[in-house]
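Student: The sequence isn't on hand, but the structure is:
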Ligand SMILES: Nc1ncnc2c1ncn2[C@@H]1O[C@H](COP(=O)(O)OP(=O)(O)OP(=O)(O)O)[C@@H](O)[C@H]1O
């Protein structure tokens, strides 16, 4: 006789998401079930149908298809169907036949699943509990979002990422010197914002030449998959907005800025964060607003978070620098004059900070500090420091606090972060090698005539169509432009001695020769780069890929990859100026500047291709110049006027503004050049001294607070060494069906098994999986090996699936215990805090899902403190599902009572959990609020909306934490057995 009757309600064990099923028909072979809520019908073999009969008991609340609910009191059976009897919402006694139950009734709660006989594997329950435990721990860790990325722990980057990513909708200029890791900082900030739910959608705009590099860095270092959008991709979306295609969209500035329709589409989307790399190209002045600036300005007005990246913020002049600060905060930066005036006081603030270190010191030091502070809290600290009687510990704390207050309240650090090599330390030396070459006759002819005939310059400019002074500095460009001259018949590279010089050096095996090394060559013009590559090929048989702005992205990446390849790669890469900006070539130590740029910041950008984090050698800068030529004069100006080849100095833009024109006029005249160099030197030294005393000092002090950086680094190291991670991963992989194999040397290989649950990141059934390591050092050394951390997408996915789903929320296990008689019942109940709040509040940092475990014996007495989770768990034995179901059915009422009992037991814990979370939240946010309020008095860079947002955030968090409730998350039934039972 069949167990099934039409009209009965059953649920699928394997597909609980189908909802409540109704038996449509059955015979001795098969049973057919309709799942009304999901409109699915299934037919199973009636002998082994993976179905569980749904039967409610007294106290359960059930819903009728008509919409009313009933609290079950009793039930009866009529023709094989259950009829429930109980009170409805109005307290009236009613009957509800099971056929009339709502199809949509949810069975995902642990209680419902257990009482309807759906039990999961015992090890799933274990994993669920451990997941809750670890998630709770990790979510509150101060390094959350910074520990996963595959990066070296470099203090200034960690400080910036930590400081910026904790702000509400951060808007900052990341302006570290070239090659110190702005891309990494932006990646860290983005990663943390995403992980903490503070951002979900970001638009990243980078120069075309850097799209691929960003794509690869974000994936390789941050495991972030971005959608790279270009015109072709966009067209594939037809009329739909292509910017909606992904959460993280990467696009080329060159493409977007030239395309008003696409800009409008980008503006129509909701973004949380906008990142703009190489932002010095966004040019602005009273007369000219370039289309790129205008586009970013419109986007920046609508997007809450904004990161602008540039190593040379003043390259396009102070006005443009100011205009970019204005993009970050238009209210604060509204007048260039005011901005200039504020800078004038930086020296006094920096001097006061130095004076703090000397306190109690002399009267002068005290006065210097007192002159820049007026708020009571700072004055009180000054009093403590000035008072020689205070204890050492008290003075040291007061000193730190007062220094921080001054930096915070008077400095510029809130919107701009700039680290310099001098400050960070540990960077290689830069060595200049000048090759003086004879001026070839084709160039000499023109220069001689220019020296003789003052009017010829104008003629030359008209004839070549070039600008002044470019026409004098880039002689091969000038030569090409004079193509109609009957004497200019051969290609310039045939006679230009720089080409032969380079060929000789490439073949030179002596010390300092290039024969065994890679060489990056940068020339100003794209045509020069192309001609040079041709010359190297024709005259020397060298294959030198060329990298310039006219190439497609694929061609550029191919060229860069051909150069980077250690084994097979080519020895030389020839780049044009703009084509190589932002690129990573630190594996190479020889830079040939085939000519020199006209702007000092461009010179710095060139050197920055090699002088980057990861460079392990001294940097050899080679500059071939023609004796007595304008190019040589330019070199002298750079070298003697501002030491431009030895280290970055950050005042190039000011110098260029002051002397650019005078230099152009002096390029043909030694005497005036000497004067220009002398004046340049004087300005250089005075500006540098001034900056070092004022602006640079404040920027440096603000750019990295070492104690904070160290705290973050320590927290990351602790997570790196967390012994619980490998144990947890092992258990999770086993349950999710991923095979893991030790490869030796600290490497693991993860491979999908045929039983793997689908949809795990990086793992597809039938494919080979990936290799990974827990060691940061090993992951950094090998690009093909992933870094396993609590933040790895695979771990996040597995943990998320467990916590968001039903996996392991019920179980039944047997316990063999000599002192407990067989047949006794225990219930292990895991409650979890629920606290609905918008993701952007990142409530988890104060109140992550928190587990409360309750263990009750069958009389309802608590064993929680006597028997630990681990102690119990290792003594449990699994049991077949069918037997588990029978056991549950037979103890149904008793179990319901135990769950109710457990609920009130757990409820007692809630108030202390809520109070602790409130305390944590208030301590942190009130501290931050007080600091910001004090800051706002002095530093207009603290935006009003930032303050208001923090106040709103505090009250929203307060309310959310207050509303925290406990819900039964998982339940395990434990039945004691005698020796012979199994
Ligand atoms: N913490 C780090 N760990 C490992 N590599 C790093 C780290 N920081 C930076 N790098 C590497 O150093 C190089 C320079 O970093 P990045 O490109 O972020 O510098 P940048 O300041 O943006 O440079 P630019 O001024 O040229 O745009 C890159 O190759 C980057 O991968």
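Tutor: Cool, the structure landed. All values derive from a computational prediction rather than experimental measurement.
Student: Regarding the chain, what is its longest helix?
Tutor: Taking DSSP state H as the criterion, the chain has its longest helix at helix 892-938.
Student: For it, name the packing helices and strands.
Tutor: helix 110-115, helix 392-410, strand 825-834, strand 851-857, helix 944-962, strand 965-977 (3 or more Cβ pairs under 8 Å, 6 or more residues apart in numbering; DSSP states H and E). Placement of C-beta: from N, CA and C, glycine included.
Student: How about the residues of this protein by the ligand?
Tutor: Proximity of the chain to the ligand is assessed by Cβ under 6 Å from any ligand atom, with 151-152, 154, 157, 176, 178-184, 311, 582, 584, 608, 612-614 identified as the residues in range.
Student: Need the buried ones from these selected in ChimeraX.
Tutor: Listed next is the ChimeraX selection for buried residues among the residues of the chain next to the ligand, using 16 or more other Cβ atoms under 10 Å:
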select :151,154,157,176,178,179,180,181,182,183,184,311,582,584,608,612,613
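Student: Just the residues of the chain next to the ligand: which are in strands?
Tutor: Secondary structure assignment by DSSP state E places none of the residues of the chain next to the ligand in strands.
Student: Spit out the contact partners of the residue in the stretch 601-750 of the chain that the ligand sits nearest to.
Tutor: Scanning the stretch 601-750 of the chain for proximity to the ligand using Cβ to the nearest ligand atom identifies residue 613 as nearest, at 3.5 Å. Contacts of residue 613 were listed using Cβ atoms under 8 Å, 6 or more residues apart in numbering, and they are 152, 154, 179, 180, 181, 586.
Student: Ok, residue 960 next?
Tutor: Here residue 960 is in contact with 835, 836, 837, 841, 843 (criterion: Cβ under 8 Å, 6+ apart).
Student: Thought residue 959 was touching the fourth one, still the case?
Tutor: This means residue 841. No - the pair residue 841 and residue 959 fails to qualify as a contact (Cβ atoms under 8 Å) at a distance of 10.2 Å.
Student: out of the two, which sits in the busier spot?
Tutor: Applying other Cβ atoms under 10 Å to residue 841 and residue 959 shows that residue 841 carries more neighbours, namely 18 against 10.
Student: can you pull out the helices in the stretch 201-350 of the chain?
Tutor: Taking DSSP state H, counting those that start in this stretch as the criterion, the stretch 201-350 of the chain carries its helices at 211-222, 231-236, 253-257, 260-267, 291-302, 318-328, 336-343, 346-358.
Student: so what secondary structure elements neighbour the longest one?
Tutor: Packing partners of helix 346-358 (3+ Cβ pairs under 8 Å, 6+ apart): helix 363-372, helix 392-410, helix 670-693, helix 695-703.
Student: Point out the one among these that comes closest to residue 465.
Tutor: For residue 465, the closest of the helices and strands packed on helix 346-358 is helix 670-693, at 26.3 Å, according to Cβ to Cβ.
Student: For that closest one, give the mean pLDDT please.
Tutor: Model confidence over helix 670-693, given as mean pLDDT, is 90.
Student: Ok, stretch 33-46 next?
Tutor: Looking at stretch 33-46 alone, the average pLDDT works out to 87.
Student: May I have the distance across it, first residue to last?
Tutor: Criterion Cα to Cα, to the nearest Å; first-to-last residue distance in stretch 33-46 is 11 Å.
Student: same question, stretch 870-883
Tutor: End-to-end distance of stretch 870-883: 24 Å, with Cα to Cα as the criterion.
Student: ok, residue 268 - contacts?
Tutor: Taking Cβ under 8 Å, 6+ apart as the definition, contacts of residue 268 comprise 241, 243.
Student: and what of residue 884?
Tutor: Under the criterion of Cβ under 8 Å, 6+ apart, the neighbours of residue 884 are 117, 119, 812, 973.
Student: Double-check the second one against residue 888; I have them as touching.
Tutor: Yes - taking Cβ under 8 Å as the definition, residue 119 is a contact partner of residue 888 at 7.0 Å.
Student: who touches both of these two?
Tutor: Shared contacts of residue 119 and residue 888, counting by Cβ under 8 Å, 6+ apart, come down to 812, 973.
Student: neighbour count winner among the two?
Tutor: Neighbour totals were compared for residue 119 and residue 888, and residue 119 leads with 27 against 21 (other Cβ under 10 Å).
Student: do you know how far that one is from residue 811?
Tutor: When distance is defined by Cβ to Cβ, to the nearest Å, residue 119 is 6 Å away from residue 811.
Student: so what sits against both of these two?
Tutor: Residues touching both residue 119 and residue 811 by Cβ under 8 Å, 6+ apart: residue 973.
Student: returning to what we had before: between the helices of the stretch 201-350 of the chain, which gets nearest to residue 854?
Tutor: For those, distance to residue 854 was read as Cβ to Cβ. The smallest value, 40.2 Å, belongs to helix 211-222.
Student: Against which helices or strands is that closest one packed?
Tutor: Going by 3+ Cβ pairs under 8 Å, 6+ apart, helix 211-222 lies up against helix 182-195, strand 227-229, strand 248-252, helix 553-564.
Student: Could you name the helices and strands sitting against the last one?
Tutor: So that's helix 553-564. Here helix 553-564 touches helix 211-222, strand 546-547, strand 572-576, going by 3+ Cβ pairs under 8 Å, 6+ apart.
Student: What are the buried residues along that helix?
Tutor: Of all the residues in helix 553-564, those buried under the rule 16+ other Cβ under 10 Å are 553, 556, 557, 559, 560, 562, 563, 564.
Student: Find the residue at the geometric middle of the protein.
Tutor: The centre of the chain sits closest to residue 191, judged by Cα atoms, centre = their mean, with a distance of 2.5 Å.
Student: Now do the same contact list for it.
Tutor: When the contact criterion is Cβ under 8 Å, 6+ apart, the partners of residue 191 are 145, 146, 148, 149, 222, 224, 791.
Student: Pull the contacting residues for the last one.
Tutor: It stands for residue 791. With contact taken as Cβ under 8 Å, 6+ apart, residue 791 is in contact with 144, 145, 147, 148, 149, 191, 195.
Student: Just the ones in strands from the residues you listed, please.
Tutor: Judged by DSSP E, those include no members of strands.
Student: In those, find the pair that's most separated.
Tutor: Greatest spatial distance among the contacts of residue 791 (Cβ to Cβ): 144 and 149, at 12.0 Å.
Student: Give me the neighbour count for residue 102.
Tutor: For residue 102, the tally of surrounding residues (other Cβ under 10 Å) stands at 18.
Student: nearest spatial neighbour of it, skipping sequence neighbours?
Tutor: In space, not counting the residues next to it along the chain, residue 102 is nearest to residue 63; the distance is 4.3 Å by Cβ to Cβ, 6 or more residues apart in numbering.
Student: got the contact list for that neighbour?
Tutor: If a contact means Cβ under 8 Å, 6+ apart, then residue 63 has 69, 70, 101, 102, 104, 105 as its contacts.
Student: Kindly list the main-chain dihedrals of it?
Tutor: Note on residue 63: its backbone torsions stand at phi -120, psi 140 [degrees, to the nearest 10].
Student: With residue 816 instead?
Tutor: Note on residue 816: backbone dihedrals following degrees, to the nearest 10 are phi -100, psi 120.
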